[in-house]
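Asks: what follows is a predicted structure for the sequence shown.
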Amino acid sequence: MAQYTGVALDGIARAKFGAGAARVSRLIATGETKRAARILDGLDEMLDRLEKNGWANYGIDSLRAESLALRGQGDAAMRALQRAVDRGWRSSWRAKEEPYLDSLRNRNDFQALLKDVEARNALMRAHISLTPTSGAGSRRLR
């Protein structure tokens, strides 16, 4: 099996599940929890297969966190999101805007985790801005 980065896996899984996640949010909001659970079960089965086959990256963990949060399993969702951060997940903007993690937004541990991610992002931006390149104000990673 090809090895993908967390970004690529996140993109692949979101392409497969993406519209389903928005649909799950709508189904839950309208009380159709059984239909929502079936969609989440499919996502969880895919994530389980990937992990069983040796995949371990933040794409799996962030999707797992979303699934767990949508199911109302906040503590487990936070553990999965922390694992995603430990493996390189830095999409704090997504966590603030997309509905999948709504159930976590008022938690102190969620807010602290996002603050940590934003601090890591700021450090990386500062590191990048210290790497001079030629051209009018352009910057590049080395």
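Replies: Good, I have the coordinates.
Asks: show me the shaky parts of the chain.
Replies: Scanning the chain for pLDDT under 70 picks out 1-20, 131-142.
Asks: Gly72: helix or strand, and which one exactly?
Replies: Secondary structure assignment for Gly72, by DSSP states H and E: no helix or strand.
Asks: so what's it closest to, chain neighbours aside?
Replies: Closest residue to Gly72 apart from its sequence neighbours, by CB to CB, 6 or more residues apart in numbering: Ser103 at 6.2 Å. C-beta: built from backbone N, CA, C; applies to glycine.
Asks: go ahead and confirm the one you found touches Asp75.
Replies: No - with contact defined as CB atoms under 8 Å, Ser103 and Asp75 do not form a contacting pair (11.2 Å).
Asks: which one of these two is surrounded by more residues?
Replies: Ser103 (18 against 11; other CB atoms under 10 Å).
Asks: next up, the contacts around the more buried one.
Replies: Contacts for Ser103 (CB atoms under 8 Å, 6 or more residues apart in numbering) come out as Ala69, Leu70, Gly72, Gly74, Ala77.
Asks: quick one, which of these are buried?
Replies: For those, a burial check counting by 16 or more other CB atoms under 10 Å picks out Ala69, Leu70, Gly74, Ala77.
Asks: do I have it right that the second one meets Tyr100?
Replies: Yes - in this structure, Leu70 sits in contact with Tyr100. The criterion is CB under 8 Å, and the distance is 5.9 Å.
Asks: done for today, thanks.
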